[in-house]
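A.B. asks: coordinates only, no sequence provided:
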């Protein structure tokens, strides 16, 4: 038996092709954009590694890790590493949530649980910051940074967000 392939129809000679492009977004670019309305703002508390409270604001849809990368530019106490850039390959963005907030989130996927097994200062309400996306439901939450974290790749090196 034989198979017949037909060619695509010929292009109309006077028909113009048009292309569009969107602006390139890099890791964390979304978190650098201001909210489009007050309804998008999510306010919450962060307890840094020294126990100091900080009131911070993000917007609905922000990734917690990348939001902290943005916030650390104005306050170095809000540093959260994220060595694997949110690929679920490390535990350096480990955070501790208040229990009501932890209960609002979906269960962690198996890969997140595996990485949390390597986290220092692990608690029953520990999560990876890269897996938390802000929503209005998280308004008023408390995020606590563990006293320290360990980058098993190269401890002591602080990568710069890009």
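C.D. replies: Perfect, thanks for sending it. These numbers were taken from a predicted model, which means no experiment stands behind them.
A.B. asks: give me the buried positions along stretch 98-105.
C.D. replies: Applying a neighbour-count criterion of 16 or more other CB atoms under 10 Å, the buried positions in stretch 98-105 are 98, 101, 105. Any C-beta I mention is one placed from the backbone N, CA and C, and that applies to glycine too.
A.B. asks: same check on stretch 137-155?
C.D. replies: Those buried within stretch 137-155 under the rule 16+ other CB under 10 Å are 138, 141, 143, 144, 145, 146, 149, 150, 151.
A.B. asks: possible to save these as CSV with pLDDT and distance to residue 44?
C.D. replies: Below are these laid out as CSV (pLDDT from 0 to 100; distance: CB to CB, whole Å):
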residue, pLDDT, distance to residue 44
138, 98, 7
141, 98, 5
143, 98, 6
144, 98, 11
145, 97, 13
146, 96, 17
149, 80, 20
150, 76, 25
151, 72, 25
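A.B. asks: from those, pick the one nearest residue 50.
C.D. replies: Residue 50 lies nearest to residue 145 out of the buried residues of stretch 137-155, by CB to CB, at 9.1 Å.
A.B. asks: can you tell me how far that closest one is from residue 128?
C.D. replies: The spacing between residue 145 and residue 128, counted by CB to CB, to the nearest Å, is 13 Å.
A.B. asks: what does residue 56 give?
C.D. replies: With CB to CB as the criterion, residue 56 and residue 128 are 18 Å apart.
A.B. asks: just residue 89 next, same as before
C.D. replies: Residue 89 is 10 Å from residue 128, by CB to CB.
A.B. asks: burial of residue 129, as a residue count?
C.D. replies: By the criterion of other CB atoms under 10 Å, residue 129 has 23 neighbours.
A.B. asks: per-residue pLDDT, it?
C.D. replies: Per-residue confidence (pLDDT) for residue 129: 97.
A.B. asks: list the contacts for it?
C.D. replies: With contacts defined as CB atoms under 8 Å, 6 or more residues apart in numbering, residue 129 is in contact with 63, 64, 65, 68, 80, 82, 93, 94, 95, 143.
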